[in-house]
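Asker: take a look and give me a structure for this.
(2 chains)
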2 protein chains.
Amino acid sequence: MPKISKSAASIPASAIRMLTPFADKAESNGVKVYHLNIGAPDIKSPEQAVKALESLHPDHFPYSNSAGFIELRTALSGRYYPSIGVNNVTTSDILATTAGSEALSFVFHGAFDPGDEVIVMEPFYCNYNTLSMMNGVRTVGVHTDIRNGFALPPAYEIEAAITPRTKAILVCNPSNPTGTLYTREDMLAIAEICRRHDLFLISDEAYREFCYTDEPYFSALQIEGLDDNVIVIDSFSKRYNLCGVRLGCIVCRNKALMDLILRFAQARLCPPVIAQRIALGALETGPEYFRAVREEYIARRNFTVGALNDIPGVFSPMPQGAFYTVAELPVDNATDFCRWLLTDFRQDGETVMLTPAEPFYKTPGEGRNQVRVAYVLEVPALRRAMEILASALEKYNSR
Amino acid sequence: MPKISKSAASIPASAIRMLTPFADKAESNGVKVYHLNIGAPDIKSPEQAVKALESLHPDHFPYSNSAGFIELRTALSGRYYPSIGVNNVTTSDILATTAGSEALSFVFHGAFDPGDEVIVMEPFYCNYNTLSMMNGVRTVGVHTDIRNGFALPPAYEIEAAITPRTKAILVCNPSNPTGTLYTREDMLAIAEICRRHDLFLISDEAYREFCYTDEPYFSALQIEGLDDNVIVIDSFSKRYNLCGVRLGCIVCRNKALMDLILRFAQARLCPPVIAQRIALGALETGPEYFRAVREEYIARRNFTVGALNDIPGVFSPMPQGAFYTVAELPVDNATDFCRWLLTDFRQDGETVMLTPAEPFYKTPGEGRNQVRVAYVLEVPALRRAMEILASALEKYNSR
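Answerer: Here you go, the predicted model:
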């Protein structure tokens, strides 16, 4: 039997999806599972996106340009980015991708050589590990602390992680999994480190529209004088509830990098064309949609974080963005507990699914008693899920 | 300015798309360009695929399983593959991908380590270079000859290319760019080499339904006793004219490899869900669709290859599959000629776009006077394109 890749064999299974077989089994046995484990919200997509889909009556489906339809990229550079305060992005600075995942993958292949390192604040989106390892790139975690809301560490702590192989700092703002929102000052501090050490600043802004403070969002694209360093990963998945459609883009003004990435894009021919049509429709979405979604998430967040902290021994900071929070549970090993919820615990035939947070950490042993909670259900369902969690913890600790 | 990837910087621009800017310019100046340069046919998609799209009225778009909807994989294993004579593929042997390109990319990352080699008969689909180089994998070309229809070389010639780093033989059957169709005997000969040297046999079967001999198509999945070695790359793009939809799959019974590839798949969350719904519809397509398409392509092929060989100094073998042929032209450098067609030559305001074949060869200098011709237009348009080509060659050689 021929051997599979040695270098890839160490890639871990997805932390977010590794418990799925246990949930499938419970559900096939008739158990109702509250899914707080994955960022797949129940919010409706904007009607403009659905209409764009429904208006399609093609008789065949040709390829688009490898960088995406020019109308889509023009709508992004001419209307969407200016609407968030970014005025200096041109159509050629944008390359449409099969969602943020492909955008990240292209960046890991284009900005790095095997053996290079990328600094990420931990806990971080665990798929950064896999996507970077696929090009032999090593993620280096810089610790942030649940007790101070996973705030950005001081510059010297980040700089201490820099080695001759460091090529970039990668931030997710607001953060999956912590919900932490970096302010303008935070982003400028990171930019300063990148400038000083000539690093790329990769900013994953998939959750840009989900911010719960009163300050305007500050995109990495608004940093001045760092055009060759800033790479923004963008996505239609969360903003417009188009997760399964798979459309995103890379925005970057470094021409050499974009030229190289275009070659990767050409090799895979084009991003999905129907997704691009839906995205064009989605870009017509008005502010009232985002206002309503934001209000809904603030209500869900306030309820969830309040309810979590009401459970004895549970602690969650108050996240300021995205739709996740990381919570500490009164258990030794949250992975075991999350599995037990699916395999053993039932309350009136119901249980809850959470994501263990340990795989979001790079440092071994960190986050072992933490979980990521995605508050992606309506408040009544979240209420029931929190009741189940409280009972489950009590039962688990008195086994 | 931070440096971009050194290892990726040697990746060439797409041979298929590198002349696109010149075509765009000609077209923006009102020139009609006959596009024989890209495998984007004008054939209609099956109505079952279009209906599947038109019947969608989702209010949001959740993720699917990372391996694809179970209904889709079941329809493939239970109905489609048996319909082509493959009866021993289960749902778990199938992983849906964002077209054949992603399938190939996953295989290059999962079956190889950086520095490993893959043997491919040249000329070969030039994107194999880029997709393999993205994991540091080296393609090794084994020469095939236009004068004998790019027939499979004898085993000893293929085996001469095997080194300790060889991990796989990759075939495209029928072949893009040559249209060569490997018979059952050819495939068994390749299988025997793979068995002897414990290599993966990667079979790109995107053009499986486009075969113009009377023998039934022989898929690598029909090879017996080599389940751990055979990897099939499949695609909905050409079979159902769904190029822009971006759906394909990997079919492989090597559990270790499929487990690893599932981890890559999880990291990119899921293949496009609307594409999967369209694909499910497409699988209902009846044999009359394929019969009509086949007849049309046989007419186009016969016309095109006949017309090419009627032009003084031009030679094309008779391809038995796909919708391409590689032709020798009476020019020193076909790349220059193809560019000149777009920049300089007009006949009554019209010109033709072809793809230089040199980038389909690994051996430097090979194929310099060859082009790939995609016969993807109706016969009257092909006739006009061949007239233009004949005049252009005459003019080019009397400059």
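Asker: what about the strands in the stretch 201-350 of chain A?
Answerer: Counting by DSSP state E, counting those that start in this stretch, residue ranges of the strands within the stretch 201-350 of chain A are A:230-235, A:248-252, A:324-328, A:350-353.
Asker: out of the ones you listed, which gets nearest to chain B?
Answerer: strand A:230-235 (9.8 Å; Cβ to the nearest Cβ). The way it works is simple: take the backbone N, C-alpha and C, and place the C-beta from them, glycine included.
Asker: which elements pack onto the closest one?
Answerer: Where contact means 3 or more Cβ pairs under 8 Å, 6 or more residues apart in numbering or on different chains; DSSP states H and E, strand A:230-235 is packed against helix A:99-110, strand A:200-204, strand A:248-252.
Asker: what about the first one, near chain B?
Answerer: Yes - using Cβ under 8 Å from any Cβ of the partner chain, helix A:99-110 reaches chain B at A:99, A:101-102, A:105, A:109-110.
Asker: do the same with stretch A:374-387
Answerer: No - Stretch A:374-387 does not reach chain B (Cβ under 8 Å from any Cβ); its nearest approach is 10.3 Å.
Asker: okay, and the helix or strand of chain A with the least pLDDT?
Answerer: helix A:6-9 (a mean of 89; mean pLDDT, DSSP states H and E).
Asker: who touches that helix?
Answerer: A:133-134, A:136, B:109-110, B:113-114, B:260, B:264 (Cβ atoms under 8 Å, 6 or more residues apart in numbering or on different chains).
Asker: ok so, going back, can I get the strands of the stretch 201-350 of chain A in TSV with mean pLDDT and mean neighbour count?
Answerer: Below are the strands of the stretch 201-350 of chain A laid out as TSV (pLDDT from 0 to 100; neighbours: other Cβ atoms under 10 Å in any protein chain shown):
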stretch	mean pLDDT	mean neighbour count
strand A:230-235	98	26
strand A:248-252	98	26
strand A:324-328	98	24
strand A:350-353	98	22
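Asker: one step back: immediately after the least confident helix or strand of chain A, which helix or strand?
Answerer: Per DSSP states H and E, the first helix or strand lying C-terminal to helix A:6-9 is helix A:20-28.
Asker: how many neighbours does the residue lying closest to A:Val331 once chain neighbours are set aside have?
Answerer: Spatially, and ignoring its direct neighbours in sequence, A:Val331 is nearest to A:Phe337 (4.5 Å; Cβ to Cβ, 6 or more residues apart in numbering or on different chains). Under the neighbour criterion other Cβ atoms under 10 Å in any protein chain shown, A:Phe337 is assigned a count of 22.
Asker: A:Arg373 sits in which helix or strand?
Answerer: For residue A:373 the amino acid is Val, not Arg. Per DSSP H and E: strand A:370-374 holds A:Val373.
Asker: give me the helices and strands touching that strand, please.
Answerer: strand A:324-328, helix A:334-343, strand A:355-356.
Asker: what's next to it, contact-wise?
Answerer: Against strand A:370-374 from outside (Cβ under 8 Å, 6+ apart): A:35-40, A:123, A:146, A:177, A:304, A:308, A:316, A:323-329, A:334, A:337-338, A:354-358, A:360.
Asker: coming back round to it: just the pLDDT at the residue nearest to A:Val331, thanks.
Answerer: Looking at A:Phe337, its pLDDT reads 98.
Asker: ok, it touching A:Tyr396?
Answerer: Yes - using Cβ atoms under 8 Å, A:Phe337 is in contact with A:Tyr396, at 5.9 Å.
Asker: where do the contact lists of those two overlap?
Answerer: A:Val331.
Asker: related to what we said a few turns ago, B:Ile250: which of the strands of the stretch 201-350 of chain A is closest?
Answerer: strand A:248-252 (22.8 Å; Cβ to Cβ).
Asker: ok, residues contacting the closest one?
Answerer: A:68, A:73, A:76, A:81, A:89, A:93-103, A:106-107, A:206, A:221, A:230-237, A:258, A:261.
Asker: in its sheet, what does that strand sit against?
Answerer: Using DSSP bridges, the strands paired with strand A:248-252 are strand A:94-97 (antiparallel), strand A:230-235 (antiparallel).
Asker: for the longest helix seen in chain A, which positions count as buried?
Answerer: Taking DSSP state H as the criterion, chain A has its longest helix at helix A:287-310. For helix A:287-310, a neighbour-count test (16 or more other Cβ atoms under 10 Å in any protein chain shown) marks A:289, A:293, A:296-297, A:300-301, A:303-305, A:307-308 as buried.
Asker: and these, which is closest to B:Val376?
Answerer: Looking across the buried residues of helix A:287-310 and measuring by Cβ to Cβ, the closest to B:Val376 is A:Tyr289, at 41.3 Å.
Asker: just give the nearest non-adjacent residue to A:Met134, would you?
Answerer: Counting by Cβ to Cβ, 6+ apart, the residue nearest A:Met134 is B:His109, at 5.2 Å.
Asker: OK, contacts around the nearest residue to A:Phe200 once chain neighbours are set aside?
Answerer: Once flanking residues are discounted, A:Phe200 sits nearest to A:Ala168: 3.8 Å by Cβ to Cβ, 6+ apart. Counting by Cβ under 8 Å, 6+ apart, A:Ala168 touches A:111-112, A:118-119, A:194, A:199-202, A:231, B:2.
Asker: near chain B, which residues of the stretch 151-300 of chain A?
Answerer: Residues of the stretch 151-300 of chain A lying near chain B (Cβ under 8 Å from any Cβ): A:167-168, A:198-200, A:228-229, A:241-246, A:254, A:256-257, A:260, A:262-264, A:266-275, A:278.
Asker: rewinding a little: for the least confident helix or strand of chain A, C-alpha coordinates in PDB please.
Answerer: Below are the C-alpha coordinates for helix A:6-9, written out as PDB (Å, rounded to 0.1, in the frame of the first residue of the first chain):
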ATOM      1  CA  LYS A   6       4.000  12.100   6.200                       C
ATOM      2  CA  SER A   7       4.000  15.900   6.500                       C
ATOM      3  CA  ALA A   8       0.200  16.100   6.400                       C
ATOM      4  CA  ALA A   9      -0.400  13.100   8.600                       C
END
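Asker: which ones are touching the residue positioned nearest the centre of chain A?
Answerer: Centroid check for chain A by Cα atoms, centre = their mean gives A:Asn176 as the closest residue, at 4.6 Å. By Cβ under 8 Å, 6+ apart, the contact set of A:Asn176 is A:39, A:125, A:206-207, A:322, A:324.
Asker: do that again at 10 Å, thanks
Answerer: Neighbour list for A:Asn176: A:16, A:39, A:123-128, A:204, A:206-207, A:238, A:321-324, A:360, A:372, A:374 [criterion: Cβ atoms under 10 Å, 6 or more residues apart in numbering or on different chains].
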